[in-house]
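*Asks:* coords please:
(4 chains)
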There are 2 protein chains.
Amino acid sequence: MSDQIRMIDVARRAKVGIGTVSRVINAPGSVSEATRLRVMKAIEESGYVPNLIAGSLASKRTNVIAVIVPTIGNPVFSETIEAMGDQFREEGFHLLLGRSGESEQEAHAVVTTFLARRPDGLFIHGGSASPPTAALLGRAGIPIVESGDLSLAENPIDMVVAYSNFAAAKAMTEHLLGQGYRRIAFVGRETRYNDRALERQRGYCAALEEAGIKVRPELILQCTLGFRQGAEALRLLRERDPGLEAVFFGGDVWAAGALLECQRQGWTVPDEVAIAGFDDHEIASQTVPPLTTVRVLRSDIGRRAAQLILGRLKGRSDLPRVVDVGFQVVKRGTA
Amino acid sequence: MSDQIRMIDVARRAKVGIGTVSRVINAPGSVSEATRLRVMKAIEESGYVPNLIAGSLASKRTNVIAVIVPTIGNPVFSETIEAMGDQFREEGFHLLLGRSGESEQEAHAVVTTFLARRPDGLFIHGGSASPPTAALLGRAGIPIVESGDLSLAENPIDMVVAYSNFAAAKAMTEHLLGQGYRRIAFVGRETRYNDRALERQRGYCAALEEAGIKVRPELILQCTLGFRQGAEALRLLRERDPGLEAVFFGGDVWAAGALLECQRQGWTVPDEVAIAGFDDHEIASQTVPPLTTVRVLRSDIGRRAAQLILGRLKGRSDLPRVVDVGFQVVKRGTA
DNA sequence: CTGTTAGCGCGTTCAC
DNA sequence: GTGAACGCGCTAACAG
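*Replies:* Residues are numbered from 1 along each chain as shown, chains lettered A, B, ... in the order given. Now for the predicted structure:
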């Protein structure tokens, strides 16, 4: 590694003090035009690249936002991250990206090492924060946004930007009931370590129960996300109940996979079996027939989260602690 | 912000010197078991979180890898990033995520501010690096991996992990020719600011020309990625040439959208029109019929890139400067 | 408007 | 195996 040029080198070259160089970079307005140009020239000529590590240590600000999500592979999260990143970039902040992993220990470890990097703010998705982790985050003294489910607002670390998975799933199930379907199955993720999945499943059950329909456990499937898994789930459910009328998939990818399976098998949708999804993924409007689903604006989550964190960093105190971004049942052709 | 506990506080509590605390954290083996435990206890009790900013300044290592991609919204990149992140995490490195944006100026700005954060390594996707940007990166003195297209290897900044978009597109076009199709269209991204798109289009043209078929510009479409755009492209191409035999889409999302359009219109695939994709996205094997496509292992790119950077950081000198991860034509049902 | 100086919190020498 | 001192490169406060 070639030795880096330091601020002092630039200062000497421009024949000014080191403080002036710092000001040219961080508060150009407070320097006379003449010296500013001289310093700029020296910076250019020497190829100086400021050392933000040193700057951060001195200023106690890193301009880094820590982002912790279960996985960036899921478009649901990458959309959120992208929108968040756009907002932050405009204000000069960068994203430090981390995965919460599967276990609470992993999540705790990530949070610890991330806090060690002294981010100015932190976004964390999911109930990944166990009590000790939450305590750690609380003590960090930085703006924190949790996302994943509105129920986090009951005991928030700091701020929450989310929607209610329970209400959304309940609304879709009610929509299906309203269409006259009675024998409705549900496909979701493993609920054991995933609160969102649990909330959705609970919403489905609640709607059925309110309608006086008994929840049949054999019509509730938990599996990993994927087109193939959606197809398999549909086959299995129709085996279990040949009279099945509708399937509510807690993710469009499953639903799309199931639709493709219907096409292969020659099952007509929604007449033979109705299908509903969740997310309003891009593909949802393009399937044949187009998919009835629940729309959640992931980019809104990212945008609002960024705005809250930025607002807090700017010292604003009129900010909400909880933002419900809501959802929308989108009726299309499959249910 | 509550005042943070510093190393000196822990040292005093454990009645040791500050150096010993540092050693307990960074080189536990060089400390006696007794004092180590005493220090550990003090760390626990005080809730000490090390300040890696200060540590980085002193050690000149940040354990941060800068990752610059056009967008994380595209699964192609998120897969790469995810695989890379997994590798780096195991070694204690974290990812600083940035977007190169559309213009060279934007890319230059991102690179500059990222280098200012003194990452230990950098991954950059795309020909986003204009000559001045490349020079800047070269002077940084850190391991750098470029990705996006194998042609980057002709004039690499440091290392390159990629495949040949040209060869891959040519191979698929040759496959289509081998199946007997002659009137073949191509759909890709805007080639103006996207070298990969250009390489793919060139590969398509080269295959046609070698087969003695004249390239018809009206059968080359450039548009943004999306299911809907794929459907639209197919309609437009069939209008332009009712005798069209095959369409090679430079992305599975377009191809899947086109297949759905065929379903809506009642066009049989591949008899009325053959369709080929690119990427071997998860959906490719699930469409009806399953999609013939080009497989590129994005996770391999991420993994190999991480290995190269890590290897270099460990001082290994037997590392390749160029890794061709290759591709594979996957014949399925659509062509 | 500008130069100087004192830390920021830690890693890394050294002596011991 | 351990403690003390120095310096990493910069920001911020102050004096001029």
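*Asks:* element containing A:Arg312?
*Replies:* Using DSSP states H and E, A:Arg312 sits in helix A:298-313.
*Asks:* same for the following helix or strand past that helix, what does it pack against?
*Replies:* In the C-terminal direction, the helix or strand that comes right after helix A:298-313 (DSSP H and E) is strand A:322-324. Helices and strands touching strand A:322-324, by 3 or more Cβ pairs under 8 Å, 6 or more residues apart in numbering or on different chains; DSSP states H and E, are strand A:159-162. Bear in mind the C-beta positions are built from the backbone N, C-alpha and C, glycine included.
*Asks:* The helix holding A:Arg312 vs DNA strand D: in contact?
*Replies:* No. Helix A:298-313 is not in contact with DNA strand D by Cβ under 7 Å from any atom of the strand; minimum separation 13.3 Å.
*Asks:* and if you look at stretch A:63-72?
*Replies:* No. With Cβ under 7 Å from any atom of the strand as the criterion, DNA strand D is not reached by stretch A:63-72; the gap is at least 10.5 Å.
*Asks:* Show me the contact partners of the helix holding A:Arg312.
*Replies:* A:65, A:76-77, A:79-88, A:91, A:93, A:120-121, A:123, A:143, A:145, A:147, A:159, A:161-163, A:319-320, A:323, A:325 (Cβ atoms under 8 Å, 6 or more residues apart in numbering or on different chains).
*Asks:* cutoff 7 Å now
*Replies:* A:65, A:76, A:79-84, A:87-88, A:91, A:120-121, A:123, A:143, A:145, A:147, A:159, A:161-162, A:319, A:323, A:325 (Cβ atoms under 7 Å, 6 or more residues apart in numbering or on different chains).
*Asks:* Of the residues you listed, just the buried ones, PyMOL syntax please.
*Replies:* In PyMOL syntax, the buried subset of those is picked out as below (16 or more other Cβ atoms under 10 Å in any protein chain shown):
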select buried, chain A and resi 65+76+79+80+81+82+83+84+87+88+120+121+123+143+145+147+159+161+162+323+325
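*Asks:* Just the ones in helices from the contacts of helix A:298-313, please.
*Replies:* The helices, defined by DSSP state H, take in A:Val76, A:Glu79, A:Thr80, A:Ile81, A:Glu82, A:Ala83, A:Met84, A:Gln87, A:Phe88 from the contacts of helix A:298-313.
*Asks:* for chain B, what are the nearby residues on the stretch 201-335 of chain A?
*Replies:* A:226-228, A:231, A:257, A:260, A:263-264, A:282-283, A:286-288 (Cβ under 7 Å from any Cβ of the partner chain).
*Asks:* got the contact list for the residue of the stretch 101-250 of chain A found nearest DNA strand D?
*Replies:* Nearest residue of the stretch 101-250 of chain A to DNA strand D: A:Asp120, at 12.5 Å (Cβ to the nearest atom of the strand). Taking Cβ under 7 Å, 6+ apart, we find A:Asp120 in contact with A:Arg61, A:Thr62, A:Asn63, A:Val64, A:Ile65, A:Phe93, A:Ile142, A:Leu313.
*Asks:* Would you mind listing which of the residues you listed are buried?
*Replies:* A:Thr62, A:Asn63, A:Val64, A:Ile65, A:Phe93, A:Ile142, A:Leu313.
*Asks:* now those as TSV including pLDDT?
*Replies:* As requested, those are exported to TSV (pLDDT from 0 to 100):
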residue	pLDDT
A:Thr62	97
A:Asn63	97
A:Val64	98
A:Ile65	98
A:Phe93	97
A:Ile142	96
A:Leu313	96
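*Asks:* Just the ones of the residues you listed in strands?
*Replies:* The strands, defined by DSSP state E, take in A:Val64, A:Ile65 from those.
*Asks:* Closest one to A:Leu115 out of the buried ones among the contacts of A:Asp120, please.
*Replies:* The nearest member of these to A:Leu115, counting by Cβ to Cβ, is A:Ile142 at 8.4 Å.
*Asks:* which residue sits closest to that closest one in space, ignoring its chain neighbours?
*Replies:* A:Gly121 (5.5 Å; Cβ to Cβ, 6 or more residues apart in numbering or on different chains).
*Asks:* Please apply the same query to A:Lys170.
*Replies:* A:Gly203 (3.7 Å).
*Asks:* In terms of pLDDT, where does that neighbour sit?
*Replies:* A:Gly203 carries a pLDDT value of 98.
*Asks:* and the angle from the strand or helix carrying it to helix A:75-90?
*Replies:* Element membership of A:Gly203, judged by DSSP H and E, is helix A:195-210. Angle, helix A:195-210 to helix A:75-90, by axes from the mean of the first three to the mean of the last three Cα atoms, to 10 degrees: 130 degrees.
*Asks:* Give me the buried positions along helix A:195-210.
*Replies:* A:195-201, A:203-208.
*Asks:* ok now stretch A:213-229, how far from the chain's centre?
*Replies:* 24 Å (Cα atoms, centre = their mean, to the nearest Å).
*Asks:* Same question for it: list its buried residues.
*Replies:* A:Leu219, A:Ile220, A:Leu221, A:Gln222, A:Cys223, A:Leu225, A:Gly226, A:Phe227, A:Arg228, A:Gln229.
*Asks:* I'd assumed A:Glu190 was in contact with the second one.
*Replies:* I take that to be A:Ile220. No. When contacts are counted by Cβ atoms under 7 Å, A:Ile220 is not listed as touching A:Glu190 (11.6 Å).
*Asks:* The residue nearest to A:Glu261 when sequence neighbours are not counted: what secondary structure?
*Replies:* In space, and not counting its chain neighbours, A:Glu261 is closest to A:Ala231: 3.6 Å by Cβ to Cβ, 6+ apart. Using DSSP: H, G, I helix; E, B strand; the rest coil, the structure places A:Ala231 in helix.
*Asks:* Over to A:Ile275?
*Replies:* strand.
*Asks:* Can you say which helix or strand has the closest residue to DNA strand C within the stretch 51-200 of chain A in it?
*Replies:* For the stretch 51-200 of chain A and DNA strand C, the shortest gap (Cβ to the nearest atom of the strand) falls at A:Ala58, measuring 3.5 Å. Element membership of A:Ala58 [criterion: DSSP H and E] is helix A:52-59.
*Asks:* So that helix, near DNA strand D or not?
*Replies:* Yes. Applying Cβ under 7 Å from any atom of the strand, one finds helix A:52-59 in contact with DNA strand D at A:Ala54, A:Gly55, A:Leu57, A:Ala58, A:Ser59.
*Asks:* Show me which residues of chain A sit near DNA strand C.
*Replies:* Residues of chain A lying close to DNA strand C (Cβ under 7 Å from any atom of the strand) are A:15-20, A:23, A:30-32, A:34-36, A:54, A:57-58, A:60.
*Asks:* Which entries within these meet the buried criterion?
*Replies:* Among these, those classed as buried by 16+ other Cβ under 10 Å are A:Val16, A:Thr20, A:Arg23, A:Val31, A:Thr35, A:Arg36, A:Ala54, A:Leu57.
*Asks:* A:Arg182 reaches A:Ile213, doesn't it?
*Replies:* Yes. The pair A:Arg182 / A:Ile213 is scored as a contact, 6.2 Å apart, by Cβ under 7 Å.
*Asks:* Count the neighbours of A:Asp280 for me.
*Replies:* 22 (other Cβ atoms under 10 Å in any protein chain shown).
*Asks:* roughly how far apart are it and A:Glu104?
*Replies:* 31 Å (Cβ to Cβ, to the nearest Å).
*Asks:* Not counting its own residues, what contacts the helix holding A:Ala58?
*Replies:* Contacts for helix A:52-59 (Cβ under 7 Å, 6+ apart): A:Thr62, B:Ile53, B:Ala54, B:Ser56, B:Leu57, B:Thr62, B:Ala116, B:Arg117, B:Arg118.
*Asks:* where does the stretch 51-200 of chain A have low pLDDT?
*Replies:* For the stretch 51-200 of chain A, residues meeting the criterion pLDDT under 70 lie at A:128.
*Asks:* Please repeat the previous calculation with a cut-off of 90.
*Replies:* The stretch 51-200 of chain A contains residues with pLDDT under 90 at A:71-75, A:101-106, A:126-131, A:192-195.
*Asks:* where does it come near DNA strand D, residue by residue?
*Replies:* A:Asn51, A:Ala54, A:Gly55, A:Leu57, A:Ala58, A:Ser59, A:Arg61.
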